[in-house]
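Visitor: have a look at this fold, sequence not included:
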């Protein structure tokens, strides 16, 4: 879940999907927001004019669910070993779904002019179960976050192609998720 629009939830979802897919987990990536980014990803991957209007598509054995509005129960009853939910910009109405996930991530920016975007989430019910991620952040921002909120945050580097697996990406996901 993101603190604001454009914080990188879709990009992180793709990175996580690539990681789990590479480690032989059957993976679903669910767009649970109104951004329609998954349709744009499908169009870029398949080529313009080849989109059939289906609610799902597959890239590199990962199943993508576009603009998904249902509960996750039906997906959990399928044989996915990993379901990644891209909430986009999060709100408190997303919390029930977030709490039902094995790993909860809140992504935002740690810069001085954007760190305040974490405030509504931290002040309104998120707990230590959440893994805070500073997109394109650094160690100094992570330390600043910890002194401000008394919560640990991980910084995440930028990866131009989230579908391209590398040893660096693998180490990054292990570090971020604490695996």
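Guide: Done, it's in. As the structure is a prediction and not an experimental result, all values here were calculated from the model.
Visitor: for this structure, which segments are assigned as helices?
Guide: Listed in chain order, the helices of the chain (DSSP state H) span residues 9-22, 37-46, 73-76, 95-99, 119-123, 139-149, 167-177.
Visitor: state the pLDDT value of the spatially closest residue to residue 86 that is not a sequence neighbour.
Guide: Counting by Cβ to Cβ, 6 or more residues apart in numbering, residue 86 lies nearest to residue 13, which is 4.1 Å off, once chain neighbours are set aside. Any C-beta I mention is one placed from the backbone N, CA and C, and that applies to glycine too. What the model reports for residue 13 is a pLDDT of 96.
Visitor: pull the residues that contact the helix-or-strand element of the chain with minimal mean pLDDT.
Guide: One helix or strand of the chain scores below all others by mean pLDDT, DSSP states H and E: helix 95-99, with a mean of 84. Residues external to helix 95-99 that are found in contact with it (Cβ atoms under 8 Å, 6 or more residues apart in numbering): 1, 32, 72, 85, 87, 90, 104, 125-126, 129.
Visitor: before we move on, back to that, and of the helices of the chain, who's closest to residue 62?
Guide: Taking Cβ to Cβ as the measure, the helices of the chain were each checked against residue 62, and helix 9-22 came out nearest at 4.8 Å.
Visitor: residues of the closest one that come out buried?
Guide: 9-22 (16 or more other Cβ atoms under 10 Å).
Visitor: looking at the helices of the chain, which is nearest to residue 61?
Guide: Go through those one by one with Cβ to Cβ and the one that ends up closest to residue 61 is helix 9-22, at 5.9 Å.
Visitor: and the angle for that closest one with helix 37-46?
Guide: The directions of helix 9-22 and helix 37-46 differ by 60 degrees, with axes from the mean of the first three to the mean of the last three Cα atoms, to 10 degrees as the criterion.
Visitor: which strands and helices sit next to helix 9-22?
Guide: When contacts are defined as 3 or more Cβ pairs under 8 Å, 6 or more residues apart in numbering; DSSP states H and E, helix 9-22 sits against strand 27-31, helix 37-46, strand 62-65, strand 82-86, strand 104-108, strand 130-135, helix 167-177.
Visitor: which parts of the last one are buried?
Guide: What it means is helix 167-177. 169, 172-173, 176.
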